[in-house]
Structures are given as C-alpha cells and as structure tokens.
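1. sharing a model that was predicted from the sequence below.
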Amino acid sequence: MRSRLEALSAPIAETAAKAKAQREEAIDAAMKQKEQIAARAEAIVSNLGAVNWKKTAAEMTELFENWQKIQKEGPKVPKSQTDQIWKRFSQARAKFEAGRRQYFSTIDTKFKEAKQAKTELVKKAEALVNKGAEAASEYRSLQDQWKAAGRAGKAEDALWASFRAAGDAIFAAKKE
C-alpha cells in the first residue's frame, strides 16, 4: 500500500503543479482584462468635454458588465490583487456619472431658458397679428431672435407651431 502511495505521490504532485500553473495563468488573464477595462474607463473620463454621452454611457455599462462577468465566470482572484484596479475603475465610473449629471443639468437649464425666451417671442408674435401687414418687419426681427434663442427641448415643436401660425397670419394679411 505504501509503495502504491509513493508511486502515486509524484503524479499527484505533478498534476497539482499543473493545476496551480493553470490557475495562475487564468488569474493573470483575468487581471489583464480588468486592467484593460480600468484603462478604457480612465481614457473615457480623461476628456469628458468631447464625449457622446449616449454612446459612451452604453460603453461604460458594457465595461461594468464585462467586469462582473470576469468576477462571476473567471478564476477566484484575491481581493488584495484586484482591489487597486477596482478602485481605479470605480473612480472613473464615478467621475463619468458626475460629468454626465452636470452635462444634462446644463442642457436642462439651457432648454428652460430657451423655452422661456421662445414663449415670450410667441406672445409678441401673436400680439403683432392685430397690426396686420404693418407687423411683417417686426415679425422678421422676432424670427432672428427665435434663431438666436437656442433649442427649447421637447417644447420646441409646439412653440414653433404657435410662432409660425402668428407669422402665417401676418403674412396672409400682407398678401391681402
């Protein structure tokens, strides 16, 4: 029995060494993938001014999903090894989300300002309808102000329809 055990100990040690080497290779591969994910996230947030937010948000989500997939399906990587890379990735994601919130907050503010300005222009245009043909040049001035006011988001089409209706009424009176 001892001789059988001694005969098996060498192949067991060899198999254990192979398994350990394979495990280490898998851990190295997982660490390289995580490093690539963190590096890509850092590259994205390095220039937030030139970001297509919709496309980049999808890419950041995909990076996070890839990270989770490596965690679930990949080898067990000691936390001490992966912690630094996770911190870099996590910080890049947080910076991205903060930049995204700030960008859309700015856009919302611009839309609100433009909506308010265009609402006033609609009121002025509708007031000009009573003047008839004499108001055509004033309406053209309002059109220039409309163009300079910027986009008003979702309200743009409704405001434009009202503004345009007032202009149509003015120019119909001018034709008559």
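-> In hand now; what should we look at?
2. low-scoring stretches of the chain, by residue?
-> Within the chain, not a single segment meets pLDDT under 70.
3. and after the longest helix seen in it, which helix or strand comes next?
-> If you go by DSSP state H, the chain has its longest helix at helix 79-128. Elements were assigned by DSSP states H and E; along the chain past helix 79-128, the next helix or strand is helix 136-148.
4. ok, residues contacting that next one?
-> Residues from elsewhere that reach helix 136-148 (C-beta atoms under 8 Å, 6 or more residues apart in numbering): 117-118, 121, 124-125, 128, 131, 163, 166-167, 170-171, 174. Just so you know, the C-beta spots here come from the backbone N, C-alpha and C atoms, and that holds for glycine as well.
5. and what of stretch 53-68?
-> Applying C-beta under 8 Å, 6+ apart, the contact partners of stretch 53-68 are 33, 34, 37, 40, 41, 44, 89, 93, 96, 100, 103, 104.
6. now residue 78. Its backbone dihedrals?
-> Note on residue 78: its backbone torsions stand at phi -60, psi 140 [degrees, to the nearest 10].
7. ok, it - how many residues close by?
-> 8 (other C-beta atoms under 10 Å).
8. OK, contacts around it?
-> Contacts of residue 78 (C-beta under 8 Å, 6+ apart): none.
9. one more pass at 10 Å, please.
-> Applying C-beta atoms under 10 Å, 6 or more residues apart in numbering to residue 78 gives the contacts residue 27.
10. measure it to residue 85 for me?
-> Residue 78 sits at a distance of 12 Å from residue 85 (criterion: C-beta to C-beta, to the nearest Å).
11. identify the residues contacting residue 99.
-> Here residue 99 is in contact with 44, 45, 48, 49, 51, 53, 56 (criterion: C-beta under 10 Å, 6+ apart).
12. could you do residue 166 as well?
-> 121, 122, 123, 124, 125, 126, 127, 128, 129, 135, 139, 142.
13. and residue 43, what element?
-> Per DSSP H and E: helix 2-45 holds residue 43.
14. next structured bit after that helix?
-> Following helix 2-45 toward the C-terminus (DSSP H and E): helix 53-73.
15. residue 107 against residue 151, yeah?
-> Yes - counting by C-beta atoms under 10 Å, residue 151 is a contact partner of residue 107 at 9.2 Å.
16. now the closest residue to residue 44 other than its chain neighbours: how far from residue 45?
-> Spatial nearest neighbour of residue 44, chain neighbours left out: residue 56 (5.9 Å); criterion: C-beta to C-beta, 6 or more residues apart in numbering. Using C-beta to C-beta, we find residue 56 at a distance of 9 Å from residue 45.
17. quickly list what's touching both of those two.
-> 96, 99.
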